[in-house]
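[1] sequence below, structure please.
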Amino acid sequence: MAGFDIRRAAQTNPESCGTYQMNGDQVSIVVDRGTYRVLAVRRPGGLTFEDRPYLLQGDPAKTATHALEGVFVRADARPGEDLARKFIRFTRDGQFMDQGIVQTLGSTEIVNGNLQFERPGGAGTYRLSLYTLILRYSDGYQRQLPVTIKPAEMDKPSPSEIYVNTYTLVRR
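    Sure thing, here's the model as predicted:
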């Protein structure tokens, strides 16, 4: 992710940080201060850990257009719910309008040790970089969110689904 600092992450949460080593298609991963070790096998499009396959997701910043386009809503929103009225609109030229959906994707962020709550919505510019959606609101506020797409969507002009944090957003 853009702006990720492994040294800071290791200081604040050492159990979740570790190392990996590649040897052909074998991936050795060591985390939790060396107490958890796992061997994975690289396969086309993914990895297999302990007999469970994992699909490697695509980086929307590496698509041909390097852009998102359209109105995206949460896939888990049901008609009539407040959540169903929240969305984000992206234009190919780098503009966005957040109609309250960002606060449902990442409700809080810690900045310099202080809890910061998401704003209820807004507009501004966006950019994609290293699996990161960077939103710059018109008032100067900036929010970075992890974002991926399905590998099959990498060749499309604009993905029909994006994954932000643990949520699926679909284009309507």
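[2] let me see the domain layout of the chain.
    6-55, 60-171 (automatic domain parsing).
[3] quick check: end-to-end length of stretch 51-69?
    Stretch 51-69 has an end-to-end distance of 37 Å (criterion: CA to CA, to the nearest Å).
[4] and the longest helix along the chain, C-alpha only, in CSV?
    In the chain, taking DSSP state H as the definition, the longest helix is helix 6-12. Extracted C-alpha coordinates of helix 6-12, given in CSV (Å, rounded to 0.1, in the frame of the first residue of the first chain):
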residue,chain,number,x,y,z
ILE,A,6,6.9,-1.6,7.8
ARG,A,7,9.2,-0.4,10.6
ARG,A,8,6.3,1.5,12.2
ALA,A,9,4.0,-1.4,11.8
ALA,A,10,6.5,-3.8,13.3
GLN,A,11,6.9,-1.5,16.3
THR,A,12,3.1,-1.1,16.9
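[5] which parts of the following helix or strand past that helix are buried?
    Next helix or strand after helix 6-12 toward the C-terminus (DSSP states H and E): strand 18-23. Buried residues in strand 18-23, counting neighbours by 16 or more other CB atoms under 10 Å, are found at residue 18. (C-beta placed from N, C-alpha, C; glycine too.)
[6] what pLDDT, on average, does the next helix or strand after strand 18-23 get?
    Note on strand 18-23: by DSSP H and E, the next helix or strand toward the C-terminus is strand 26-31. Throughout strand 26-31, pLDDT has a mean value of 87.
[7] and strand 26-31, how far from the chain's centre?
    Chain-centre distance of strand 26-31: 23 Å, with CA atoms, centre = their mean, to the nearest Å.
[8] stretch 52-59 too?
    Worked out by CA atoms, centre = their mean, stretch 52-59 lies 13 Å from the chain centre.
[9] and the end-to-end length of it?
    Stretch 52-59 has its terminal residues 22 Å apart, counting by CA to CA.
[10] which of the residues in it are buried?
    In terms of neighbour count (16+ other CB under 10 Å), stretch 52-59 has its buried residues at 57, 58, 59.
[11] beta partners for the second one?
    Beta bridges link residue 58 to residue 149, judged by DSSP bridges.
[12] may I have the residues that are in contact with it?
    Applying CB atoms under 8 Å, 6 or more residues apart in numbering, we find residue 58 in contact with 148, 149, 150, 151, 153, 154.
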